[in-house]
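Asks: here is a sequence with its predicted model. Questions after.
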Amino acid sequence: MSSALWIGTTGLTASSKQMDVIGNNLANSNTLGFKAGNTYFASMLNQSLSGGSSGTMQVGQGVAIAAVATQFGQGSFESTGNATDLAIDGDGFFILRDTEGAQYFTRAGAFHVDNEGYLVDMTGYRVQGYNLYIAGQEEVETDIRLQNVQSAPRPSTTIAVGANLNDAADRGDRFNVTQTVFDSLGQAHSLAINFMRTEGTGTWGLNTTMDGTNIGTNSANGIIFDANGNLASFYTGAFGSGPTVAGGGAITTSTINRPGQIYKDTTGNIVLTRGATATSWAVTSNGGYANMAIVDNTATTLSVDLDGNGGADITYDLGAGFASGSTITFTLDNTVTPASSDISMAFGALNNGATIGAGNVLNWNMVGEDAPTITGYASSSVVKSLNDDGYSSGVLKSLSVDKDGIINGFFTNGQSAALGQVLLATFPDLSGLQKSGNYFIETVRSGEALRNRAGSGGLGQTMSNSLEISNTDVAKEFINMISAQRAYQASAKVITTADTLLSVLMDIKR
């Protein structure tokens with residue numbers, strides 16, 4: 001009978017321990033990543049009694065706590081406004097290290113970037129993974145660090161323009177397109193493309209400048225549209241024969257200022273004749289340029305406006321010896337080619353010593369499936385699209401984390417880049433993990449951690465802007481509490497009843 005006292009005591013002890021587990025589960029019902037425990041009981045050694053008609057009889061010696069097992073079931077998710085708050089949808093743990101190198105595992109993904117640039121949890125333990133932006137660390141597990149991350153500039157190499165040039169525009173009408181391009185240091189420059197309607201059918205001359213003064217040398221000086229307004233040809237203007245001087249005098253320099261004005265349907269020689277004075281030159285044969293005019297005529301220079309719409313298209317620097325009746329004779333040629341390749345634009349050295357494109361040569365994407373369309377319809381000249389493959393440097397503006405644990409950075413220059421990747425781990429025997437607060441620690445029984453990227457090796461996927469809350473089932477814990485209370489009461493009743501029986505036994509001799 002005295003055994004009943006001790007058996008009842010084991011019941012009280014076991015039930016009180018169960019209440020400890022229940023209380024801990026309920027106390028952590030709002031703890032991020034908490035995994036509830038479950039109490040398992042086992043009967044203690046049996047005592048054998050002999051002499052019964054059915055042979056040997058056994059009486060148990062009470063109850064003991066066999067195990068308090070962690071329940072690793074998925075908890076619910078809550079949304080947050082922090083991109084570095086992470087949850088795992090599926091199996092796995094985040095890997096953390098403290099400053100001394102000790103390793104921890106957790107489901108609580110409330111992370112942030114500290115003042116040294118490390119991705120850490122609320123305790124300051126550093127999240128482990130790959131630093132993808134550091135050469136040589138793309139496959140090396142280490143502390144994820146996002147300090148001094150910057151997007152390097154990219155010099156522009158190719159530009160593209162989608163536009164319509166009005167076929168009904170008057171001769172000499174201009175249409176300017178300006179866009180920003182970037183050099184190797186990330187400095188912005190203004191690239192201007194000036195289109196001018198020429199006298200040719202469907203023909204527009206073009207010239208380019210960088211920052212207003214750096215004049216480009218282009219592989220084509222103009223474009224030609226077909227009868228349907230589609231880009232058909234490029235043309236390049238240049239001197240033909242000459243200049244030939246007759247009647248005295250010499251030319252020191254001949255310059256075509258705007259080769260786009262040498263349009264495709266010109267014929268014959270151009271003849272310029274000096275009058276009685278050094279500033280009285282006249283066009284005596286226009287070679288097909290019906291509106292040609294003399295402009296900027298001085299004693300030492302002679303400039304010609306081919307379309308008569310203003311501007312010095314060709315300039316001659318004159319030496320001595322010209323007299324009345326002296327002539328300058330020359331021709332202008334243009335090479336027309338199908339619009340089957342892009343236009344290259346070469347510029348002089350930039351002021352800051354940087355380069356743009358390939359040796360200060362930009363490619364203008366004019367043809368091909370990826371080229372924006374330039375048309376020559378009889379409607380207003382408009383810009384439809386501008387494209388440039390360069391950009392300036394940028395500083396980190398915001399972060400996002402995808403389902404594979406890759407941390408993407410978004411920079412002030414509009415670029416994005418993969419900066420790091422969070423690694424996850426699992427174990428051969430989860431029940432062998434040792435709890436340490438809200439962390440788990442690897443043990444011999446759990447086996448060595450198996451590390452992989454999120455979504456591989458049986459691991460779950462990461463969810464950004466989310467946190468996993470406790471998996472404590474409050475309703476279940478209350479039911480367990482009632483059960484523990486009843487068991488405790490029953491065990492106490494066993495003790496009081498055994499005590500009463502012993503008291504009766506002690507009173508027999510009275």
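Replies: Looks like it arrived, so ask away. Keep in mind the model is a prediction, meaning the values are calculated, not measured.
Asks: do you have the strands of the stretch 401-510 of the chain handy? List them.
Replies: Taking DSSP state E, counting those that start in this stretch as the criterion, the stretch 401-510 of the chain carries its strands at 406-411, 416-426, 434-436, 439-441, 450-453, 461-464, 466-468.
Asks: give the residue spans of the stretch 201-350 of the chain that score low on pLDDT.
Replies: Scanning the stretch 201-350 of the chain for pLDDT under 70 picks out 264-266.
Asks: export the strands of the stretch 401-510 of the chain to TSV and tack on mean neighbour count and mean pLDDT?
Replies: To be clear about C-beta, it is placed using only N, CA and C from the backbone, and glycine gets the same treatment. Formatted as TSV, the strands of the stretch 401-510 of the chain follow (neighbours: other CB atoms under 10 Å; pLDDT from 0 to 100):
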stretch	mean neighbour count	mean pLDDT
strand 406-411	21	95
strand 416-426	21	95
strand 434-436	12	92
strand 439-441	20	96
strand 450-453	16	94
strand 461-464	22	96
strand 466-468	22	96
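Asks: closest one to S29 among those strands?
Replies: With distances scored as CB to CB, the stretch of the strands of the stretch 401-510 of the chain nearest to S29 is strand 466-468 (13.3 Å).
Asks: and the strands in the stretch 251-400 of the chain?
Replies: Going by DSSP E, counting those that start in this stretch, the stretch 251-400 of the chain shows strands at 251-256, 270-273, 282-286, 293-295, 301-305, 314-318, 327-330, 332-338, 343-346, 361-364, 374-375, 382-388, 394-401.
Asks: and stretch 315-323, which residues are buried?
Replies: 315-316, 318, 322 (16 or more other CB atoms under 10 Å).
Asks: right, I mislabeled it, should have said stretch 169-184
Replies: 169, 172, 175, 177, 179, 181-184.
Asks: and these, which is the shakiest by pLDDT?
Replies: Lowest in pLDDT among these is G172, which has 83.
Asks: would you reformat the buried residues of stretch 315-323 as JSON lines and include distance to L467?
Replies: Output for these, formatted as JSON lines (distance: CB to CB, whole Å):
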{"residue": "T315", "distance to L467": "73"}
{"residue": "Y316", "distance to L467": "78"}
{"residue": "L318", "distance to L467": "83"}
{"residue": "F322", "distance to L467": "88"}
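Asks: circling back: ok, which of the strands of the stretch 251-400 of the chain comes nearest G222?
Replies: Using CB to CB as the measure, strand 332-338 is the one of those that comes nearest G222, at 8.0 Å.
Asks: who's in contact with the closest one?
Replies: Strand 332-338 has contacts (CB atoms under 8 Å, 6 or more residues apart in numbering) with 220-221, 224, 232-240, 262-264, 266, 270, 287.
Asks: ok, now stretch 403-413?
Replies: Contacting residues not belonging to stretch 403-413 are listed as 86, 119, 129, 132-133, 144, 146, 149-151, 153, 186, 391-402, 416-424, 453-455, 461-463 [CB under 8 Å, 6+ apart].
Asks: circling back: filter the contacts of strand 332-338 to the buried ones?
Replies: Among the contacts of strand 332-338, those classed as buried by neighbour count (16+ other CB under 10 Å) are 220-221, 224, 232-237, 239, 262-264, 266, 270, 287.
Asks: report the two of the residues you listed separated the most.
Replies: By the measure CB to CB, A232 and I270 form the most distant pair in the buried ones among the contacts of strand 332-338, at 26.8 Å.
Asks: beta partners of Q150?
Replies: V395 (DSSP bridges).
Asks: among the buried residues of stretch 169-184, which lie within strands?
Replies: Those of those mapping onto strands are 175, 177, 179, 181-182, per DSSP state E.
Asks: between the residues you listed, which sits nearest G308?
Replies: Ranked by distance to G308 (CB to CB), these are led by F175 at 19.2 Å.
Asks: doesn't S381 make contact with the closest one?
Replies: Yes. The pair F175 / S381 is scored as a contact, 4.2 Å apart, by CB atoms under 8 Å.
Asks: what do these two both touch?
Replies: Common neighbours of F175 and S381 (CB under 8 Å, 6+ apart) are 163, 165-166, 169, 195.
Asks: ok, which pair from those residues is furthest apart?
Replies: Farthest apart among those - using CB to CB - are A163 and A169, which lie 12.8 Å from each other.
Asks: what touches both of these two?
Replies: Shared contacts of A163 and A169, defined by CB under 8 Å, 6+ apart, comprise 175, 381.
Asks: next, count neighbours for V361.
Replies: For V361, the count of nearby residues is 16 (other CB atoms under 10 Å).
Asks: relative to S184, how far out is it?
Replies: 13 Å (CB to CB, to the nearest Å).
Asks: centre-most residue in this structure?
Replies: Closest residue to the average C-alpha location of the chain: S416 at 2.0 Å, with CA atoms, centre = their mean.
Asks: now do the contacts for that residue.
Replies: S416 sits next to 408-410 when contact means CB under 8 Å, 6+ apart.
Asks: drop anything exposed from the shared contacts of F175 and S381.
Replies: For the shared contacts of F175 and S381, buried by 16+ other CB under 10 Å: 163, 165-166, 169, 195.
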